[in-house]
Each structure stands twice: as structure tokens, then as C-alpha cells.
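Participant: Next input, structure requested:
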Amino acid sequence: MGMYRYILVLALAAALIAASIPSLHPGTATAAYAAAGDRIRIYFLPMDGEEALHDIVQLIDNSASYVYVAIYDMEDMDIARALLRAHSRGVDVRIVSDMDTFDEKSAINYLRRNGIPVVLDNRYSDYMHNKFMVIDNETVVTGTANFNERSFLRYTNNVVIIRSRLVALDYYYEFMEMYRGLFGGGNRTPYENISVGDAVINVYFAPDDDVAGHIIPLIDSARHTIFFAAFTFTHWGLAEALARAAERGVRVLGVMESWNAEKGEAARIYSYLSSHGAEMRMDANEYIMHLKTFIIDNETVVTGSWNPTYHAQLSNDENLVVIRSREIGEAYARWFLARVYPRPMIIVEAVDPGGRPVPGASVTAEELSSHTTVHAVTNASGIAVIEPREEWSIGSSIRITVSTGSFLGEASMTTITLKPYPQRIRIVVEDTGLLNEKTGAIIVAAAALLAPLIYGRIRKHLAPRRAPRPPQQRRRAEASHPTRVFPGYPWNDS
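Facilitator: Below you'll find the predicted structure:
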């Protein structure tokens with residue numbers, strides 16, 4: 001029983017250790033962030049994408065009076081079916097969207113065919129680019145995400161749900177202007193500085209409310225940090241405000257969608273900000289970083305459909321929400337630094353020639369100019385994460401070496417250039433599995449062959465040895481036993 005108890009204790013300890021190790025998978029979901037007495041809920045996508053979709057459907061299913069949706073693109077059929085269910089039980093459901101994303105197979109056309117009124121902005125080069133839903137003069141859903149699966153489950157986005165009658169009325173009046181056909185202008189937002197729990201909220205719509213004119217003073221008053229992420233960026237007034245902040249000592253960290261930041265005006269602004277002290281990065285999402293978000297001094301969050309572009313400022317129909325809250329600002333800042341702002345990181349995947357992961361392999365990253373190293377070991381999935389040393393500079397050459405520790409094996413290596421964002425490399429460890437099997441077989445065979453010899457040598461070495469007899473005793477023994485032979489002595493020769 002003692003041995004079984006010992007094994008059980010070891011198994012329980014291993015389970016507890018495994019449970020304490022956090023997952024590195026970027027899609028791991030976490031609970032949405034609730035603040036202001038649960039009157040404001042924040043969803044960081046794609047982490048919280050499934051939960052956000054579920055909660056939006058639940059809000060629609062619980063609606064009693066109306067659900068008004070202003071959305072640039074909607075393809076998600078779970079949301080569409082929820083809207084149709086609400087319409088079927090008598091809730092007033094209306095939709096405003098843009099002709100640019102509308103087609104016969106779209107979810108919006110599905111709703112229109114089933115009796116839900118839809119108004120489309122059919123301007124040629126300007127867009128109804130809003131992303132919001134207002135429910136029962138009580139709840140607003142907004143943020144940077146369109147209502148489709150990729151926006152929630154693959155793209156980097158955020159969704160904000162606010163429970164406030166005054167915030168809902170701001171969005172209600174904007175929706176009704178567009179529903180009546182007034183695009184590209186309208187009345188200014190009626191309610192400002194709305195208290196929601198311990199947060200203060202302001203809502204702005206473009207082009208009605210001069211959105212940039214409200215953001216630039218926030219940047220100019222920043223005291224210590226500005227974090228921002230922009231899908232695209234062509235507004236030089238905002239860029240100059242960010243440069244001024246960096247030059248006066250505010251730490252400015254910016255991320256731009258790589259697809260946009262490598263060309264045109266966005267590329268020029270990226271270079272301009274980098275040369276004026278902002279710590280700029282291109283995003284690391286293999287799909288799209290779709291944010292339009294500023295986090296100022298960890299206490300003010302600016303987010304919505306409004307990209308920092310002149311087109312969004314002057315022509316499109318857009319919405320933006322400014323939330324002043326230390327709690328919410330710090331939550332956004334933690335998310336930005338952990339998930340949005342790319343940091344140098346080398347993710348090494350060790351596999352055998354068959355593509356199977358190689359766990360337990362030793363991984364060494366060496367910076368070739370300083371010869372400083374970082375060591376790691378691959379996990380059960382054959383993955384090791386290398387965090388570069390602070391003194392390693394972007395652009396330096398890093399040699400990655402992977403070794404299985406087998407005395408018959410050779411280390412596999414490659415050299416990469418360090419980038420300012422996570423890099424994933426796959427290294428094939430040649431004949432790893434076969435090599436280890438050979439090693440074990442050779443050791444077993446050698447042990448089987450050598451065991452008798454080793455045993456005999458050890459036994460002979462440990463056996464007690466008799467002291468040799470003096471010559472007189474040997475002669476007496478010969479006399480008493482005349483037939484006995486003593487090999488090696490002369491008197492035995494006959």
C-alpha cells in the first residue's frame with residue numbers, strides 16, 4: 001500500500017503543477033472585463049470573442065421594445081437569427097448599413113427578406129462605417145468590431161457594452177438621423193459627460209462632432225503614457241499631437257496594421273512618428289489588427305469605428321466613445337501591453353522529420369555580436385519561448401540551437417534576424433525519434449553482452465585472496481602429497 005500511496009501523491013502533484021501553468025495559446029478565452037458596477041463590460045477580441053457573441057445574442061433575446069443596429073458589415077447568422085426572433089415577437093428591429101458590404105447572400109438581406117426594415121447608405125465613396133447597436137433606450141453595444149465571425153474570433157478588436165439611458169439616447173438620435181436618410185452630417189450629440197458608475201462617458205459622431213478636435217486635446221494633456229492601435233492612420237493633425245507628446249517626455253507606444261502601415265500616407269506617418277520618439281510597431285496578428293483605440297495615462301480610453309483618417313473625420317458616418325475611468329483604463333493598458341503591442345519574442349517549434357513535436361529538447365539562443373545566450377526547454381508540444389535579453393537590439397543576428405541531449409545526435413541550428421515582434425520558427429531535429437530508439441537499443445544490447453564479463457571481474461576483484469605459502473610449507477605439502485602438481489615450479493617438471 002505504501003508504494004501505491006506514493007504513486008498517487010506524485011500523480012496529484014503533477015496534476016496540480018500542470019494546472020498552474022498558463023496556456024500560451026493566443027485564442028484562450030477569458031471572462032469579459034466588468035466595471036462601473038457591471039454597467040460597462042469590455043470584451044477584448046479575439047480572446048473574448050465567443051463570449052461577446054453570446055452576450056450580444058442574449059441582449060437581443062431579452063429586448064422588449066426595440067433593437068436598432070447601425071453596422072457596416074454583418075455576416076454572423078447567430079446575431080441575424082436573434083434579430084429575427086425579436087422581430088417575430090413584436091420587438092421593433094431596424095437596420096442601417098452600407099451598400100458597399102451588401103449583397104444578395106448577406107445576413108442583412110436575409111433579414112430584409114424576412115420583413116425587417118433596412119436602410120442602406122449608397123454614397124459612392126463615403127461609408128456608413130458605424131458599429132453599434134442600441135436596445136430599449138437602455139443598452140448600447142459598440143466598439144471596433146463588425147458583426148461577423150472573423151471580427152470576433154480572428155481579428156484584434158474590442159467590444160464595449162454600456163448600460164446607460166443617456167448614452168443610449170445619444171446613439172438612438174444618431175441612428176434615427178441615418179434611418180431617415182441623413183448621412184454625412186446631422187445634429188451634434190445632445191448629452192455629454194455622462195456618469196456611468198464611477199466612469200464618465202462622452203460619445204461623438206463623425207462628421208457631426210469634429211471627432212479629432214476632441215481627441216487632440218486629450219493627447220496634448222497626457223502626462224506619462226499614450227498607447228494607441230490604428231488599423232489605418234492618415235490624419236496628420238493627430239500624428240503631430242502624438243509627436244509633440246513624445247518630444248515632451250510622454251511615452252508613446254503605437255501599433256499599426258502592417259498591411260496599411262507599409263504603404264502610402266500611413267507609411268509616412270509611421271516613419272514620422274518613429275523619428276519623433278514614438279515606439280512604433282507593426283501588428284503581429286496573422287489576420288488583421290482592426291483597432292481604432294487610444295489609451296491615455298491609463299485612465300482615458302478612446303475607441304469606436306472612427307479610424308484616425310481625414311475620410312473618417314470629414315465624410316464617413318462614424319461613432320466614437322471616450323471613457324474616463326482608472327479601472328477601465330488600466331484594464332485596456334494591460335491588454336494592450338500583453339496582447340496588442342508586439343514585443344521581440346522567438347517561438348521555437350522543434351519537430352522530428354515526420355513533423356511530430358520533440359518535447360524536452362534544449363533550446364539556446366545566442367546573440368552573435370555579444371555572445372550572450374538565453375536557454376529554454378521545449379514543452380510537451382515541442383514549443384519553447386525565448387524572451388530576448390534587454391541588451392539585444394532589433395536587427396541583430398541570433399543563432400538558435402536545438403539539442404535533444406542524445407549522445408549519438410547532432411544539434412540542429414539556424415540563424416535569424418531579431419524583429420520587433422514575435423517570430424515563430426520551426427526547426428527539424430534530424431532523426432530524433434529514431435536516434436533515441438537506437439541509443440536505447442544499443443545500450444540494452446551492450447549491457448546484455450558485457451554483464452557476465454563485468455560480473456565475473458567484479459566477483460574476482462571482491463573475492464578474498466589467500467596469502468602465498470612460504471617455500472618450506474610448499475615442499476612439505478609436496479612430500480605429504482606426492483601426486484599433487486604445483487604448476488609453474490621447477491620441481492614439477494619431469
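
Participant: May I have the strands that pair with the strand or helix carrying Met413, each with its orientation?
Facilitator: Using DSSP states H and E, Met413 sits in strand 412-417. Using DSSP bridges, the strands paired with strand 412-417 are strand 397-403 (antiparallel).

Participant: List of residues touching the strand holding Met413?
Facilitator: With contacts defined as C-beta atoms under 8 Å, 6 or more residues apart in numbering, strand 412-417 is touched by 346, 350, 368, 395-403, 423, 425, 427-430. C-beta coordinates here come from the backbone N, C-alpha and C atoms, glycine included.

Participant: On the C-terminal side of the one helix or strand Leu84 maps to, identify the next helix or strand.
Facilitator: For Leu84, the element it lies in under DSSP H and E is helix 77-88. Later in the chain than helix 77-88, the nearest helix or strand by DSSP H and E is strand 92-98.

Participant: all helices in the stretch 1-150 of the chain, in order from the N-terminus.
Facilitator: For the stretch 1-150 of the chain, applying DSSP state H, counting those that start in this stretch gives helices covering 2-20, 49-61, 77-88, 107-113, 149-153.

Participant: which stretch in those helices has the least confidence?
Facilitator: When the helices of the stretch 1-150 of the chain are ranked by mean pLDDT, helix 2-20 comes last with a mean of 43.

Participant: Could you list the domains of the chain?
Facilitator: Following automatic domain parsing, one finds the domains of the chain at 33-210+286-340, 345-432.

Participant: now the longest one, how far from the centre of its chain.
Facilitator: Pointing back at domain 33-210+286-340 there. Averaged C-alpha coordinates place domain 33-210+286-340 at 23 Å from its chain's average position (C-alpha atoms, centre = their mean, to the nearest Å).

Participant: ranges for the helices of the stretch 201-350 of the chain?
Facilitator: Ranges of helices in the stretch 201-350 of the chain, per DSSP H, counting those that start in this stretch, are 211-220, 236-247, 258-261, 264-275, 310-314, 326-335.

Participant: err, the stretch 351-494 of the chain, not the other one
Facilitator: With DSSP H, counting those that start in this stretch as the criterion, the stretch 351-494 of the chain has helices at 432-462, 471-480.

Participant: Averaging pLDDT over each of those, report the lowest-scoring one.
Facilitator: Mean pLDDT is lowest for helix 471-480 out of the helices of the stretch 351-494 of the chain, coming in at a mean of 58.

Participant: so what's Pro422 closest to, chain neighbours aside?
Facilitator: Met345 (4.1 Å; C-beta to C-beta, 6 or more residues apart in numbering).

Participant: wait, isn't that neighbour in contact with Ile425?
Facilitator: No. Counting by C-beta atoms under 8 Å, Met345 does not reach Ile425; the two are 11.3 Å apart.

Participant: separation between Asp121 and Asp38?
Facilitator: Using C-beta to C-beta, to the nearest Å, Asp121 is found at 34 Å from Asp38.

Participant: With neighbour numbers in mind, choose between these two.
Facilitator: Asp121 (23 against 10; other C-beta atoms under 10 Å).

Participant: who's in contact with the more buried one?
Facilitator: Each residue near Asp121 by C-beta under 8 Å, 6+ apart is listed here: Val96, Ser97, Asp98, Met99, Tyr127, Met128, Met178, Phe183, Asp317.

Participant: Which pLDDT does the model give it?
Facilitator: With respect to pLDDT, Asp121 has a value of 96.

Participant: Kindly state the beta-bridge partners for it.
Facilitator: With DSSP bridges as the rule, Asp121 is bridged to Asp98.

Participant: Give me the distance between it and Val140.
Facilitator: 20 Å.

Participant: cool, and Arg89?
Facilitator: Distance, Arg89 to Val140, using C-beta to C-beta: 22 Å.

Participant: more crowded one of the two?
Facilitator: Between Arg89 and Val140, counted using other C-beta under 10 Å, Val140 has the larger neighbour count: 23 against 9.

Participant: Quick check, that one in contact with Ile162.
Facilitator: Yes. Under the criterion of C-beta under 8 Å, Val140 makes contact with Ile162 at 4.8 Å.

Participant: what touches both of those two?
Facilitator: Residues touching both Val140 and Ile162 by C-beta under 8 Å, 6+ apart: Ala168.

Participant: just to revisit the earlier point, any quick ChimeraX command for the buried ones out of the contacts of Asp121?
Facilitator: Buried subset of the contacts of Asp121, written as a ChimeraX selection, criterion 16 or more other C-beta atoms under 10 Å:
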select :96,97,98,127,128,178,183,317
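
Participant: Just the closest of the contacts of Asp121 to Gly254, please.
Facilitator: Of all those, Tyr127 has the smallest distance to Gly254: 24.4 Å, by C-beta to C-beta.

Participant: For the closest one, give me its contacts.
Facilitator: By C-beta under 8 Å, 6+ apart, the contact list for Tyr127 reads Tyr72, Asp98, Asp100, Asp121, Asn316, Asp317.

Participant: now do 7 Å
Facilitator: Residues near Tyr127 by C-beta atoms under 7 Å, 6 or more residues apart in numbering: Tyr72, Asp98, Asp100, Asp121, Asn316.

Participant: Quick one: which of those has the lowest pLDDT value?
Facilitator: When the contacts of Tyr127 are compared by pLDDT, Asp100 scores lowest at 92.

Participant: Chain neighbours aside, what residue packs nearest to that residue?
Facilitator: Nearest to Asp100 is Tyr127, by C-beta to C-beta, 6+ apart, at 6.0 Å.

Participant: Return the backbone torsion pair for the one you found.
Facilitator: Main-chain torsions, Tyr127, degrees, to the nearest 10: phi -130, psi 150.

Participant: Around Gly186, how many other residues sit close by?
Facilitator: Neighbours of Gly186 using other C-beta under 10 Å come to 18.

Participant: roughly how far apart are it and Lys292?
Facilitator: Distance of Gly186 to Lys292, computed by C-beta to C-beta: 21 Å.

Participant: do the same with Gly90
Facilitator: Noted for Gly90: a distance of 36 Å to Lys292, by C-beta to C-beta.
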